[in-house]
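Undergrad: Dropping a prediction and its sequence here:
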Amino acid sequence: MIKYSKHFLNKLEDLFSESDYVLRYEKGNFQSGYCLLKDTKVAIVNKFYTLDGKINCLLEILKEVNIEASHLSDKNKALLKELSQTALKI
């Protein structure tokens, strides 16, 4: 299911754009490659990461946060459901 491509990254970014979380790519030396500010609902990913690294970070963030599915379009609801049923093996 998980294909490390620009298209899949765009799908994940679209999912974040419909959620309450703001996704930003910034310069930083985050221990895990990303920083999650839960109070302000901001997710910051290291902009110098490779495509695979960015996708892995976004998937990790999705596992940590609670995205309200009622705000999502049907295609993003389906993607979120599919991702929640997929076990990530890195």
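TA: Nice, thanks for sending it over.

Undergrad: residues contacting residue 42?
TA: The neighbours of residue 42, taking C-beta atoms under 8 Å, 6 or more residues apart in numbering as the test, are 21-22, 24, 36. Every residue, glycine included, has its C-beta placed from N, CA and C.

Undergrad: for the residues you listed, which one is nearest residue 44?
TA: Looking at the contacts of residue 42 and their distance to residue 44, the nearest is residue 24, at 5.0 Å (C-beta to C-beta).

Undergrad: tell me which element residue 81 is part of?
TA: For residue 81, the element it lies in under DSSP states H and E is helix 74-85.

Undergrad: looking at the protein, which helix or strand does the model trust least?
TA: strand 34-37 (a mean of 86; mean pLDDT, DSSP states H and E).

Undergrad: what's the neighbour count on residue 64?
TA: Residue 64 sits with 10 neighbouring residues when counted by other C-beta atoms under 10 Å.

Undergrad: Tell me the spacing between it and residue 75.
TA: Residue 64 sits 23 Å away from residue 75 when distances are taken as C-beta to C-beta, to the nearest Å.

Undergrad: All set, thanks.
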